[in-house]
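Asks: please work out how this folds:
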Amino acid sequence: MSRRKGLSLEEKRQKMLELFYEKKDFYQLKELEKLGPKEKGVISQSVKEVVTSLVDDGLVDTDKIGTCVYFWAFPSKAETTRKRKLEDVEVRLKTAKKRLTASQIKMKETQIGREDNSDRTEALNRLGELEESHCQLTEKIQKYKDSDPDVLQKIVEETEVAREAVNRWTDNIEAVKSWCRTKFFIEEDTLNKQFGIPAEFDYV
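Replies: From the prediction side, this is the model:
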């Protein structure tokens, strides 16, 4: 013959609450340890632990009168407690929804101006070409620095033209970055990363 399965802690809590709600009276712990097994099948050794957990959760009230400690719980308070908890949850949910909406709006705003477009692509491509040209001209200067002065002078002039062109594009890019920072409050590091601008990017 199989033994009857014991009650879980949650089942014991529920049964002791039922006891309080049904009796609508005040009890000392010793009285509850007698009523628990008799009325609800909660063994006396578990009553103290169960009642203490209910007190901790605010489901059962307790107070010391003289030298005696009494416990009680009424359905009206349970309903009020549940209503208050529900209101708290609703307030937290409403706050969380507001934060989510604000985050979504901010995310959309930060995407403005970051979209891929032909102007951005052209600017980045041109920047790459000018940087490559600058490197090539610098190598030529090093190669011919001890050679024909006329050749060297021509290379210097070409380098100056390229340098001015690079700096003009640098001005344009800096102007766009400044506009984005002012308009959308985007940090420079974020802009550089989003547009693929290297950290060492600067005037030449």
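Asks: is residue 63 in a helix, a strand, or coil?
Replies: Here residue 63 takes the strand state, with states given by DSSP: H, G, I helix; E, B strand; the rest coil.
Asks: need the contact list for it.
Replies: Residue 63 sits next to 69-70 when contact means Cβ atoms under 8 Å, 6 or more residues apart in numbering. Every residue, glycine included, has its C-beta placed from N, CA and C.
Asks: residue 12 now?
Replies: Residue 12 touches 42, 46, 50, counting by Cβ under 8 Å, 6+ apart.
Asks: among those residues, name the ones in helices.
Replies: 46, 50 (DSSP state H).
Asks: what is the nearest of the contacts of residue 12 to residue 127?
Replies: residue 50 (73.5 Å; Cβ to Cβ).
Asks: pLDDT wise, what is the closest residue to the closest one other than its chain neighbours at?
Replies: Once flanking residues are discounted, residue 50 sits nearest to residue 12: 4.7 Å by Cβ to Cβ, 6 or more residues apart in numbering. At residue 12, the model reports a pLDDT of 92.
Asks: that's a strand at residue 12, yeah?
Replies: No. Counting by three-state DSSP, residue 12 falls outside a strand, being helix.
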